[in-house]
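Asker: 3D, please:
(one chain, ligands or ions: 1)
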Amino acid sequence: MTHKVTLIPGDGIGPEVASAARLVADATGVPLEWEVVEAGESVMAKEGTPLPQYVLDSLKRTRLGLKGPITTPIGSGFRSVNVALRQQLDLYASLRPARAIAGEGTRYPDADLVVVREATEGLYSGVEHWIDKEHSAGETINIITRKASERIIRFAFEYAAKYGRKKVTAVHKANIMKVTGGLFQEVFRTIAREYPGMPSEERLVDNMSMQLVKKPEEYDVLVTTNLFGDILSDLCAGLAGGLGVAPGALFGKEIALFEPVHGSAPKYAGQDKADPVAEILCVEMMLHHLGYHEQARRVFRAVWEVIYEKKVVTYDLALPGYTAWPTTPSKCSEMAREIAKKIPEVDLDRPLKRRTWNGGDSPVTDSALEA
Ligand code: NAD
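Answerer: Numbers count the residues shown, from 1 in each chain. Reported below is the predicted structural model:
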């Protein structure tokens, strides 16, 4: 059976990383048929909107999407296409794994965290206005509902149980935002009781940020509201090697849309320089979602091997790093071709190795990494 996939290349570095991901996806041999639709800055002039109806229609039809990043003008201009997509298609669960790949490009060679972020409400609800004509004060409303909190928290517990994770941590600010944070906290405590086998705990977001930098190994699955999840998933991406290697997925009741954590990095647009790994690991997540677990593992392992070898890697991974030598940066397209070339060759039984602080190797024992 051929799977139709809506492909939204996006803005900035989006088209480059999207075509890298498509190359790797096609190399797996999974029958995918790409329906390419444009959204974002690139269609604004032509269509008069950055989110044409045909993009939504395509996703409703295929129920499966791979997306590049889309630019959101700062301060003024059109509203975020990313936020609109999540709200209009009710893609409520944003899943953002942050895994260090081969121990490279990170101070935390064994970082392995998952941020589960509520993606339809909170401070990103889009309810904001000026208080007066002079624009001397404004309000942005933080909407938290019991329904959305319940489904995202349940999603986090279900995910943790399914993938053998060790703990779920709720992140909030219920000490200050007693109504909205308090509701999220109350729902978390209620749902945690439905999963007595899964350890759970809570952290205030400020403390959480410090704890993650100091001892990330103590945390596993984090579940939180929209804004905190946006910030913490970039933080966790940084722990795991940077935005260049951090994939993500959005799930609704029927539609799944895979997109990296990173944005359109306009300063690198058109230079064939950006790291394609985050978008390629979105393909890994998409193949798991479709049930092609072996092919998904091939994608993950091909990425792992290319980064471990550190011969054909983009600028962000070519730095001296903390565990391996510096190298000459390769182009985005070169790295993608190297990964695609490895797909049929990878050995799915060979233990993975990661680099360690002393320049040696250590075996990877955590099988959840490949789940
Ligand atoms: P960004 O993620 O685009 O880039 C921040 C920095 O991270 C870059 O300057 C670069 O140094 C690095 N980086 C990001 N992706 C990389 C990659 N693939 N390879 C190597 N390095 C990479 O964040 P920003 O500059 O704050 O945002 C730029 C635009 O992207 C904004 O318009 C923002 O709204 C948008 N954005 C979109 C999404 C999305 O589409 N889901 C997410 C975040 C930001």
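
Asker: going forward, measure contacts and count neighbours with C-alpha atoms only.
Answerer: Fine.

Asker: can you list the residues of this structure near the ligand?
Answerer: 69-73, 82, 243-244, 261-265, 274-276, 316 (C-alpha under 6 Å from any ligand atom).

Asker: Any of the residues you listed buried? List them.
Answerer: Buried members of the residues of the chain next to the ligand, counted by 16 or more other C-alpha atoms under 10 Å: 69-72, 82, 243-244, 261-264, 274-276, 316.

Asker: Widest-spaced pair of these?
Answerer: Pairwise distances across those peak at 25.0 Å for 82 and 316 (criterion: C-alpha to C-alpha).

Asker: re earlier: among the buried ones among the residues of the chain next to the ligand, which ones are in strands?
Answerer: If you go by DSSP state E, those have nothing in strands.

Asker: From these, which shows the smallest pLDDT?
Answerer: In terms of pLDDT, residue 72 ranks lowest among these, with 89.

Asker: Next, that one: phi, psi?
Answerer: phi -120, psi 120 (degrees, to the nearest 10).

Asker: Once you drop chain neighbours, what's closest to it?
Answerer: residue 80 (5.2 Å; C-alpha to C-alpha, 6 or more residues apart in numbering).

Asker: I'd like to know how far that neighbour sits from residue 74.
Answerer: Applying C-alpha to C-alpha, to the nearest Å, the value for residue 80 to residue 74 is 10 Å.

Asker: who's more crowded, the two?
Answerer: residue 80 (18 against 9; other C-alpha atoms under 10 Å).

Asker: Next, that one: phi, psi?
Answerer: Torsion angles, degrees, to the nearest 10, at residue 80: phi -60, psi 130.

Asker: residues in contact with it?
Answerer: 71, 72, 73 (C-alpha atoms under 8 Å, 6 or more residues apart in numbering).

Asker: Spell out for me which residue occupies the centre of this structure.
Answerer: residue 248 (2.2 Å; C-alpha atoms, centre = their mean).

Asker: pretty sure it is touching residue 93, no?
Answerer: No: Residue 248 is beyond contact range of residue 93, at 10.3 Å (criterion: C-alpha atoms under 8 Å).

Asker: Figure out how far stretch 187-201 is from the centre of its chain.
Answerer: Chain-centre distance of stretch 187-201: 24 Å, with C-alpha atoms, centre = their mean, to the nearest Å.

Asker: That stretch: end-to-end distance?
Answerer: 13 Å.

Asker: Can you pull out the residues in contact with that stretch?
Answerer: Outside of stretch 187-201, the residues within contact range by C-alpha under 8 Å, 6+ apart are 146, 149-150, 153-154, 157, 160-161, 166-170.

Asker: quick one: which two of those are the most distant?
Answerer: Across those (C-alpha to C-alpha), the longest gap, 25.5 Å, separates 146 and 166.

Asker: Settle it for me: which of those two has more neighbours?
Answerer: Between residue 146 and residue 166, counted using other C-alpha under 10 Å, residue 166 has the larger neighbour count: 15 against 12.

Asker: quick one, what contacts the more buried one?
Answerer: Counting by C-alpha under 8 Å, 6+ apart, residue 166 has contacts 160, 198, 199, 220, 221.

Asker: what about the third one, distance to the ligand?
Answerer: With the distance defined as C-alpha to the nearest ligand atom, to the nearest Å, residue 199 ends up 31 Å from the ligand.

Asker: From residue 116, how far out is that residue?
Answerer: 16 Å.

Asker: do the same with the second one
Answerer: The gap separating residue 198 from residue 116 is 16 Å, by C-alpha to C-alpha.

Asker: Comparing the two, which shows the higher neighbour count?
Answerer: residue 116 (32 against 17).

Asker: Now do the contacts for the more buried one.
Answerer: 93, 94, 95, 96, 152, 156, 221, 222, 223, 224, 229.

Asker: Kindly report the same for residue 288.
Answerer: Contacts of residue 288 (C-alpha under 8 Å, 6+ apart): 296, 371.

Asker: helix, strand or coil for it?
Answerer: Under DSSP: H, G, I helix; E, B strand; the rest coil, the three-state class of residue 288 is helix.

Asker: Quick check: what element follows the helix or strand hosting residue 211 along the chain?
Answerer: Assessed by DSSP states H and E, residue 211 sits inside helix 205-214. The helix or strand immediately downstream of helix 205-214 is strand 221-224, counting by DSSP H and E.

Asker: what lines up beside that next one in the sheet?
Answerer: In the sheet, strand 221-224 lines up against strand 112-118 (parallel), strand 168-172 (parallel) (DSSP bridges).

Asker: Highest mean neighbour count out of those?
Answerer: strand 112-118 (a mean of 27; mean count of other C-alpha atoms under 10 Å).
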